[in-house]
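In: Compute the structure for the input listed below.
(2 chains)
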Amino acid sequence: MPSMPVGARLYVALVSALGVLVVLVGMRELGSIPAGWVTALTLAALVVLARYASSPLSRSAAIDISVGQPVGIASVLLLGTAGAPFVMAAAAFAPGPGSERWYARLFNFGMSAIQAWLASLAYAAVGGVTLSSAQSYEPMQVLIPGLVATFVLEVVNGLLMVGIIALTQRVSPLRIWHGTLAQSALPMFIYSIFGLLLAVVWSFVGPISAVLVLAPLMVARWVFAEFALRQEAYEATMRSLIKSVETKDLYTRGHSERVSRASVLIGRRAGMREDRVSSLRYAGMLHDVGKLGVPTSVLQKAGRLTDDEYEAIQQHTVRGREIVKDLEFLGEAIEGILLHHERIDGRGYPMGKVGAEIPEFARIIAVADAFDSMTTTRSYRGARSIEDAFEELRRCKGSQFDPVMVEALIEAIGVEGWDASDTLPAVPPTPGDGVPTMASDDDDPTVADRLGLPSAAPADASELTDPYDDALGQPVGGDHP
Amino acid sequence: MSTEHEMRAASPLLVAAGIAVVASVAVTAESWQRASIDQLGFIPYAFALFIAVGEVLRIALPGSRQSAPLASAGAIAFALLPAFPLRPSSLGFLPLHYEWPLVVTVVTLGSVLGAFPGAIVGRGMHLDELARRVLTTMLAAAVFRPWIGTLLPSKNEIGWRLALAMTAAAVLAASADAVLAASVRSSQARSPFRTALVDEFRALVGISSAIAATGVLIALAAPKMGYVALPVFAVPLLLTQFSFRRYATIEATYLQTIRSLAKVTEVGGYTETGHSRRVSILSKAIAREMGISERDIKDLDYAALMHDIGQLSLTDPIPGGATTMVAPVDQRRIAELGAEVIRQAGVLDRAALIVERQADPYRPYRGPQDDSLPLESRIIKVVNAYDDLVGASLESDRKLRAIERLQLGIDREYDPDVVDTLSRIIERQSEFAY
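Out: Numbers count the residues shown, from 1 in each chain, chains lettered A, B, ... in the order given. Reported below is the predicted structural model:
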């Protein structure tokens, strides 16, 4: 037990000793239960097998399904204090990764035994019958006590775990408690159902019930694992295809990824629901996907673009929509991709929409897009500071950007910080080349204004009938009638 | 069942099931008159209802398969149900000696009842799957039910022997189901039966074992627990069903995403509109006939959709996007660039390999034939060339001329087996509606 505090050592020793005690005391009664030893040994073998076979599901899996847990619950119902500590503690002997250190195994042994012992006591206390020795029983003599036993099992497990973590890592016990117990409520309920079914059927037909009850659970676990793999594959594929957009222009490396991150920051700050935020994340990632359709020669051209070439670049929003329009799960994101170059004064493209006509997603991406292109290195200049970028965004709010989204970004970055670095090495600016390439300028408000870009919509937004502030539901002030 | 051909492929199955149903209903009606079924009381109706509810909760499985796990489990449970509790339950239970005709009648009644709402809203009846269910439960009942009297040890005990026999009957029914499904699939897609059987076992082993286990559990628990067993043991299967549904959804979204992102070459004017989609459809049809397994066809599909993605790295588009028209070295370069993009995903290595080798000749001019050239790459090479020549055109004259041109390249550029299969498919084009 290297480098463990004295308190923790005492704790481990105490828990293990208590565990060994309840297992031994229980085993003395096991002989008096019909087929007690056979049942206990079979269940213990199942627990070991389940622990051995269960590699943790992939890291992104939201749900992990344990096969050993229902078996443990079944042992409480079938054998009570006589066998349950023995069965559950057997898991500590399972070979495999994880608790390789002997004292960790010892602690797990003790913890499982105490859990099972207390759960069995609780089961009997609320009127549960020990199924192995019962001749006949009413369903209610199993159902409610079974749920109580599961609850006790979880609570004791939580308490003992909190103890060891608090003693070794010096984290506040309350925090650990809050994190673990809240998450385990639903799985706990599902396990208890499986455990109940297993115990009941076991009492009719014996060990073959384990195969029958655990089969759907194993299948579900397997499918969940496949699902998690698919989900990872999915994200990875999307990312790599998006990267292939960025290979066309070295200066936009990691741009989509960062715009996605900044958009999420804005969305959360603006109080969006989580499902919309997740859609926004995709929108940020895919906002420039239409650039895949722009010839590389145009994207990488150094120097001033012809009108035709400029139009080809502007087409990337429409092309982007064309590409993603069949992806139902994107929802609002599709419009966001189409309209992320609109300006609230109506001078943007492709449609020249004004103010609130521009959907929220597009207004958010516009801000995130401009922010990232200002704060990263471009061919004609180095990266600007975050403060400079904020100032520029503030200067353009109300004309190019939605003021709410600009402030949301500034606030969010103020609280959470911003990391503009990229996993790939940054490309240094080309010295002496003062002429911007079009692709990068397009997102950069300072350049766009300097070049005096052509615009389809009327230049004077104040003439339009849809005053921006009202349309967005902004607090306009007391002087407004 | 979208096409006439697919309908015809399933017809022997439908006829067999139809005969079984008619015979069963006749027998059941007759024994009803003799009142020998009366003792069952509400039991058959409860199971029919359970099957109907399960049918409503039908799910899609990966690979355009359908399943109603709860309905199938209910059907198996009724086929195997050995006894039911007497009232009061302290008297033990009453052995049930009904035969397969009643099982078929109940299963049909429940299935049709449950499929009705779906048919009204236009989800289709999935007749071939219902027919499979009827026939396999009939098999399970016919094999198992005569043994109930011998295997039941006493009036209040079930025992492991009966449980084992039930499990065996359920496994038999599940295997028969896979065989029937494979025979329908193989004649629908004109793929070899062996491939179809392996595909079907692979696709169904998970859900079918959960269905079989649940069916047996209900039948084992019902003699003690009565009707409560039905909803209680449905819970685990619902969890399984839920996970399958999530899996099928993400699988579909994945394909949809690749399809969409593969369109970028078309949107950017690098290739003709619909090219990648047409290459994918035709490649899959050829692969099925040539006996490539479903798992490998999936990779072929991804590869076919993205086979031109390397063109994105070109500074300017090839005129018309026809890669067949450019020099072999450039074709090879495009293939390599595309493979590089796909390989970055980290999970599509097989598809990347297929794309990488798509420009390689079937038999090089110098040196021996390369055995490592994947069949999938050879298929894409042929179909890509064919589509460059034909495009979206529907003229059969143009198609036949394209095939002739490909046949000139046989032995060197193109794999003759692939070209043969393609020409067979084109000749059948009138039937071709995937």
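In: C-terminal to the helix or strand where A:S112 lies, which secondary structure element comes first?
Out: Using DSSP states H and E, A:S112 falls within helix A:102-125. Per DSSP H and E, the first helix or strand lying C-terminal to helix A:102-125 is helix A:140-169.
In: Which residue, neighbours along the chain excluded, lies closest to A:L167?
Out: In this structure, A:L167 finds its nearest non-sequential neighbour in A:A8, 4.0 Å apart by C-beta to C-beta, 6 or more residues apart in numbering or on different chains. (Each C-beta comes from the backbone N, C-alpha and C, glycine too.)
In: residue contacts, the one you found?
Out: When contacts are counted by C-beta atoms under 8 Å, 6 or more residues apart in numbering or on different chains, A:A8 touches A:I164, A:L167, A:T168.
In: just these now: which is nearest chain B?
Out: Chain B has its nearest neighbour among the contacts of A:A8 in A:I164, at 31.5 Å by C-beta to the nearest C-beta.
In: In contact with that closest one: list those residues for me.
Out: Contacts of A:I164 by C-beta under 8 Å, 6+ apart are A:A8, A:Y11, A:V12, A:F107.
In: re the thing from before, doesn't the residue nearest to A:L167 belong to a helix?
Out: Yes - residue state for A:A8 (DSSP: H, G, I helix; E, B strand; the rest coil) corresponds to a helix.
In: what about it, distance to A:E235?
Out: Plainly put, A:A8 is 39 Å away from A:E235 if you go by C-beta to C-beta, to the nearest Å.
In: Same check on A:I410?
Out: A:I410 is 29 Å from A:E235, where distance means C-beta to C-beta.
In: which one of those two has more residues nearby?
Out: A:I410 (20 against 15; other C-beta atoms under 10 Å in any protein chain shown).
In: That one contacts A:F390, correct?
Out: Yes - using C-beta atoms under 8 Å, A:I410 is in contact with A:F390, at 5.3 Å.
In: returning to that earlier point: quick one: buried residues of the helix holding A:S112?
Out: Of the residues in helix A:102-125, A:103, A:105-124 count as buried by neighbour count, 16 or more other C-beta atoms under 10 Å in any protein chain shown.
In: and the angle for it with helix A:140-169?
Out: Per axes from the mean of the first three to the mean of the last three C-alpha atoms, to 10 degrees, the angle that helix A:102-125 makes with helix A:140-169 is 150 degrees.
In: what does the average pLDDT come to for helix A:102-125?
Out: Mean per-residue pLDDT for helix A:102-125: 89.
In: now for it, which elements pack on it?
Out: Applying 3 or more C-beta pairs under 8 Å, 6 or more residues apart in numbering or on different chains; DSSP states H and E, one finds that helix A:102-125 makes contact with helix A:6-30, helix A:68-79, helix A:84-89, helix A:140-169.
In: now the helices for the stretch 201-350 of chain B?
Out: B:229-262, B:264-267, B:275-289, B:294-305, B:328-343, B:349-356 (DSSP state H, counting those that start in this stretch).
In: Please produce TSV containing these, extended by mean neighbour count and mean pLDDT.
Out: Shown next, in TSV, are these (neighbours: other C-beta atoms under 10 Å in any protein chain shown; pLDDT from 0 to 100):
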stretch	mean neighbour count	mean pLDDT
helix B:229-262	20	85
helix B:264-267	24	79
helix B:275-289	23	93
helix B:294-305	22	92
helix B:328-343	19	86
helix B:349-356	23	92
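In: so can I have CSV of these showing distance to chain A?
Out: Converted to CSV, these look like this (distance: least, C-beta to the nearest C-beta, whole Å):
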stretch, distance to chain A
helix B:229-262, 4
helix B:264-267, 4
helix B:275-289, 11
helix B:294-305, 9
helix B:328-343, 5
helix B:349-356, 10
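In: Among those, single out whichever gets nearest to A:I313.
Out: helix B:264-267 (14.2 Å; C-beta to C-beta).
In: Restrict the closest one to CA atoms and write it as PDB.
Out: Extracted in PDB, the C-alpha atoms of helix B:264-267 (Å, rounded to 0.1, in the frame of the first residue of the first chain):
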ATOM      1  CA  VAL B 264     -19.700  17.700 -52.700                       C
ATOM      2  CA  THR B 265     -17.900  16.600 -55.800                       C
ATOM      3  CA  GLU B 266     -21.200  17.000 -57.700                       C
ATOM      4  CA  VAL B 267     -22.100  20.300 -56.200                       C
END
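In: pLDDT weak spots in chain B?
Out: Where chain B drops to pLDDT under 70, the residues are B:1-4, B:6-7, B:33-38, B:88-90, B:155-156, B:315-325, B:367, B:411, B:430-434.
In: Just give the nearest non-adjacent residue to the residue most central in space within it, would you?
Out: Closest residue to the average C-alpha location of chain B: B:R65 at 3.9 Å, with C-alpha atoms, centre = their mean. Spatial nearest neighbour of B:R65, excluding adjacent residues (C-beta to C-beta, 6+ apart): B:A203 at 6.1 Å.
In: Could you do B:P328 as well?
Out: Computed as C-beta to C-beta, 6+ apart, the closest residue to B:P328 that is not its neighbour in sequence is B:A359, at 6.8 Å.
In: And the one you found, which helix or strand is it part of?
Out: Short version, using DSSP H and E: B:A359 is in no helix or strand.
In: The residue nearest to B:R65 and B:K298 touch, don't they?
Out: No - between B:A203 and B:K298 there is no contact under C-beta under 8 Å: 11.6 Å.
In: Look up how far chain A lies from the residue nearest to B:R65.
Out: The spacing between B:A203 and chain A, counted by C-beta to the nearest C-beta, to the nearest Å, is 12 Å.
In: quick one, helices of the stretch 301-450 of chain A?
Out: Under DSSP H, counting those that start in this stretch, the stretch 301-450 of chain A gives helices at A:307-324, A:333-338, A:360-375, A:386-396, A:403-416, A:438-441, A:445-451.
In: And the strands in the stretch 151-300 of chain A, which stretches?
Out: Read by DSSP state E, counting those that start in this stretch, the stretch 151-300 of chain A holds no strands at all.
In: related to what we said a few turns ago, of the helices of the stretch 301-450 of chain A, which approaches chain B most closely?
Out: Of those, the one closest to chain B (C-beta to the nearest C-beta) turns out to be helix A:307-324, at 4.8 Å.
In: got the angle between that closest one and helix B:229-262?
Out: Using the same axes, to 10 degrees, helix A:307-324 lies at 160 degrees relative to helix B:229-262.
In: how far is helix A:307-324 from where the chain is centred?
Out: 33 Å (C-alpha atoms, centre = their mean, to the nearest Å).
In: That one close to chain B?
Out: Yes - residues of helix A:307-324 contacting chain B under C-beta under 8 Å from any C-beta of the partner chain: A:R319, A:E322, A:I323, A:V324.
In: quick check, nearest of the residues you listed to B:L40?
Out: Nearest to B:L40 among the residues of helix A:307-324 next to chain B, with distances taken as C-beta to C-beta, is A:V324, at 57.3 Å.
In: From A:D288, how far off is the closest one?
Out: 11 Å.
In: Name the residue in the two with the higher neighbour count.
Out: Legend: neighbour count by other C-beta under 10 Å for A:V324 and A:D288, higher for A:D288 (28 against 24).
In: any idea how far stretch B:74-85 is from the chain center?
Out: 28 Å.
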